[in-house]
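S.K.: Quick check, what structure comes out for this input:
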Amino acid sequence: MACAVVLPSCAMQCRRALCKRWLHLSGRKSMASSAHLHIPPMLSKPRQRRRQFHWTTGYRSRDVEFTHVRYNVQRLGFAAITTEDMAFFNDLLPGSVVTDPDILEASNVDWLRTMRGCSQLLLRPRITEEVSQILRYCNSRNLAVNPQGGNTGLVGGSVPVFDEIIVSTVQMDNIISFNSNSGVLTCQAGCILENLNNYLEEQDFIMPLDLASKGSCHIGGNVATNAGGLRLLRYGSLRGTVLGLEVVVTALRRSWIYSRNPKACWVKFSLRLSSWITVAERLFASTLNYKTHCKALWALRERITEALVRDGFVYKYDISLPLERFYEIVIDMRNRLGVRAKRVVGYGHLGDGNLHLNVVSPAFDQQLLDSIEPYLYEWIAQHYGSISAEHGLGFKKKNCIYFSKPKEAVDLMQQMKAILDPKGILNPYKTLPSFTRSTH
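M.R.: Alright, predicted model coming up:
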């Protein structure tokens, strides 16, 4: 809805693995939990592994144009950071206040390197109470906040537009508890998806979600966008497995049931899953050739996004369509764009009709973009689809929401935003449209 979310901790029920031998990766034992977060001895932190899905070197980002310049965005009337503000944050988060320009540059630029903010402050809280104090203080001072997880988003929702304070979940990466009888995992929002899966593999369980960005994305962002992923057809929607969550709303803190609501900072949630497997799956999973072929097949699927980015400038669209129309738009777009497009490809999730449509050109071409939009969105609306599936609306698609939602629904979202975030400090300039549609 109106702003992205932070999930300092979460609880989820995890799938029983198809076969422990199939999933086991040696040498990935759990580590002791952070001393900063007081939790019982049985709790643990998975060994940290971060694959470079997101480029984190500042020098590669200097040539990215500022978002507010490229899109002609006017800064809203938020306060600027003062020395008194810095003193408060340094006292609250000793050693976790970042002002180094090189580190900030990586957090200011999105993975596609098409969006760039100019934040001068990055905060790295470790526990829920710190998040609560940050938002309470920022709300009182009218300081805009940009929650950020793994920064693997593709619609500009994870990076600031101007100088919003970045509140990162990178240090909120503890596993709080895991119950092997119920399959319920409780963890913080900053846990990397792949690290969680590795932790569970050793206990003959598996995460119900698998994404190409699993080596970098945070579980908090996965739930915030209701990500589909490669296991959706087998295990169902991530939303369907969420049992509950705890959120921080500017100056308030309360428990919510997951509603894909981005007007708050979420701090706890849980998932409900089944754990049965078929005899055939057990037999196939124990076969070495089957295991090898599966890994090779999924490796190809997971690298598509990276390959396209290296092939040229990518116009990315995350849409949903009825299955009978699932691939028609790819053929239609190829015919429409012709040789002006270097490549037009579509891939995604048949289980929920989520198609990732990608158009590649040697460099950014405004005329090509004009041929894609709004034609694509009109085509989707005509066939009763959605302009956004698991990637969200973020900054790039906020003004296209009316292709998928009626004015009454958008008005309701804006009213909810006003109630939960009356000053609009949480992830401004995103998700909700910058204009109001008339009733005609």
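S.K.: Which SSE is immediately downstream of the helix or strand of the chain with the lowest mean pLDDT?
M.R.: Across the helices and strands of the chain, mean confidence by mean pLDDT, DSSP states H and E is lowest for helix 20-23: a mean of 30. Downstream of helix 20-23, the next assigned helix or strand under DSSP states H and E is helix 67-70.
S.K.: pLDDT on that next one, on average?
M.R.: The average pLDDT within helix 67-70 is 95.
S.K.: distance between it and the chain's centre?
M.R.: Chain-centre distance of helix 67-70: 22 Å, with C-alpha atoms, centre = their mean, to the nearest Å.
S.K.: and if you look at stretch 377-393?
M.R.: Taking mean C-alpha positions (C-alpha atoms, centre = their mean), stretch 377-393 and its chain are 18 Å apart.
S.K.: what residues does that stretch touch?
M.R.: 4, 153-155, 157, 224-229, 262, 316-322, 325, 328-329, 332, 348, 352-355, 397, 400-401, 403-404, 430-431 (C-beta atoms under 8 Å, 6 or more residues apart in numbering). (Each C-beta comes from the backbone N, C-alpha and C, glycine too.)
S.K.: in it, what counts as buried?
M.R.: By 16 or more other C-beta atoms under 10 Å, the buried positions in stretch 377-393 come out as 377, 379-381, 385-393.
S.K.: In helices, which of those residues fall?
M.R.: Among the buried residues of stretch 377-393, the members found in helices (DSSP state H) are 377, 379-381.
S.K.: Reformat these as JSON lines; add distance to residue 193.
M.R.: As requested, those are exported to JSON lines (distance: C-beta to C-beta, whole Å):
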{"residue": "377", "distance to residue 193": "30"}
{"residue": "379", "distance to residue 193": "32"}
{"residue": "380", "distance to residue 193": "28"}
{"residue": "381", "distance to residue 193": "32"}
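S.K.: can you give me how far whichever strand or helix holds residue 223 is from the chain middle?
M.R.: Secondary structure from DSSP H and E places residue 223 in helix 219-224. Mean C-alpha position of helix 219-224 versus that of the full chain (C-alpha atoms, centre = their mean) differs by 6 Å.
S.K.: Now for the residue nearest the centre of the chain: which residues touch it?
M.R.: Among the residues of the chain, the one closest to the centroid is residue 221, at 3.6 Å (C-alpha atoms, centre = their mean). With contact taken as C-beta under 8 Å, 6+ apart, residue 221 is in contact with 7, 149-150, 152-153, 158, 189, 227.
S.K.: Which of these has the largest number of neighbours?
M.R.: residue 7 (34 neighbours; other C-beta atoms under 10 Å).
S.K.: What confidence value was assigned to that one?
M.R.: Residue 7 is assigned 41 on the pLDDT scale.
S.K.: swap in the one 5 residues further on?
M.R.: The per-residue pLDDT reported for residue 12 equals 57.
S.K.: any idea how far the closest residue to residue 311 other than its chain neighbours lies from residue 160?
M.R.: Using C-beta to C-beta, 6 or more residues apart in numbering and skipping the chain neighbours, the partner closest in space to residue 311 is residue 360 (5.2 Å). Distance, residue 360 to residue 160, using C-beta to C-beta, to the nearest Å: 28 Å.
S.K.: Could you dump the ones in helices among the buried residues of stretch 377-393 into TSV and include distance to residue 136 and pLDDT?
M.R.: Conversion of those to TSV gives the following (distance: C-beta to C-beta, whole Å; pLDDT from 0 to 100):
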residue	distance to residue 136	pLDDT
377	39	97
379	45	97
380	41	97
381	41	96
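S.K.: follow-up on the earlier one: for the residue nearest to residue 311, which residues are in contact?
M.R.: With C-beta under 8 Å, 6+ apart, residue 360 has these contacts: 308, 311-315, 341-345.
S.K.: just checking, residue 216 touches residue 192?
M.R.: Yes - judged on C-beta atoms under 8 Å, residue 216 makes contact with residue 192 at a distance of 6.7 Å.
S.K.: Residue ranges in the stretch 251-400 of the chain under the pLDDT threshold?
M.R.: Across the stretch 251-400 of the chain, the ranges flagged by pLDDT under 70 are 251-288, 290.
S.K.: Please, where are all the helices along it?
M.R.: Along the stretch 251-400 of the chain, the segments classed as helices by DSSP state H, counting those that start in this stretch run 279-285, 288-302, 304-311, 328-337, 366-372, 375-382.
S.K.: Can you give me the buried ones in the longest one?
M.R.: Put plainly, it is helix 288-302. Those buried within helix 288-302 under the rule 16+ other C-beta under 10 Å are 291, 302.
S.K.: gap between it and the chain center?
M.R.: 25 Å.
S.K.: Now it - C-alpha only, CSV.
M.R.: Output in CSV follows, covering the C-alpha atoms of helix 288-302 (Å, rounded to 0.1, in the frame of the first residue of the first chain):
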residue,chain,number,x,y,z
LEU,A,288,21.9,-38.9,-7.8
ASN,A,289,21.1,-38.1,-11.5
TYR,A,290,17.8,-36.7,-10.6
LYS,A,291,19.4,-34.5,-7.9
THR,A,292,22.1,-33.3,-10.3
HIS,A,293,19.6,-32.5,-13.1
CYS,A,294,17.3,-30.6,-10.8
LYS,A,295,20.1,-28.4,-9.5
ALA,A,296,21.3,-27.7,-13.1
LEU,A,297,17.8,-26.9,-14.3
TRP,A,298,17.0,-24.5,-11.4
ALA,A,299,20.4,-22.9,-11.8
LEU,A,300,19.5,-21.9,-15.3
ARG,A,301,16.2,-20.5,-14.1
GLU,A,302,17.7,-18.5,-11.3
